[in-house]
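S.K.: the following comprises the amino acid sequence and a computationally predicted model.
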Amino acid sequence: MTIEGKIIFISEETVVGQKQLPKVSFVVEEDSDRDFKNSLMIDLLGERTELIKQYKVWDHVKVSLNYRAREYDGRRFNSIWAWKIEGETSGSSEGDQLPF
């Protein structure tokens, strides 16, 4: 599956799990003229965290991803992981904050 849009948030790198793997999350918002745009938080884990380092907030990207529902302790969760990011690395002078 793919999603295309602009990056509106990139988290700081954290370390997770017993293997102490690096993890970065980012949010892609769809390109449209709708008042309420869809967005999706996507995770990168391990060496794939390098994929986001060349991009900045407001860059336009196309993200290839895998998703899976899983169960843990009687609750269900969605996992969305990117495996490829394509796009322009222009960045923007608007800064890293949303305009609201």
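M.R.: Received it, and whenever you're ready, just let me know what you need.
S.K.: for the spatially most central residue of the chain, which non-adjacent residue is closest in space?
M.R.: Most central residue of the chain, judged by C-alpha distance to the mean C-alpha position with C-alpha atoms, centre = their mean, is residue 26 at 2.9 Å. Using C-beta to C-beta, 6 or more residues apart in numbering and skipping the chain neighbours, the partner closest in space to residue 26 is residue 10 (4.6 Å). Using the backbone N, CA and C atoms, a C-beta is placed for each residue, glycine as well.
S.K.: shouldn't the one you found be in contact with residue 55?
M.R.: Yes: when contacts are counted by C-beta atoms under 8 Å, residue 10 is listed as touching residue 55 (7.5 Å).
S.K.: give me the element residue 69 is part of.
M.R.: Residue 69 is part of strand 60-72 when elements are defined by DSSP states H and E.
S.K.: ah, wrong one, I meant residue 34
M.R.: For residue 34, no secondary-structure element claims it when assigned by DSSP H and E, so it is in no helix or strand.
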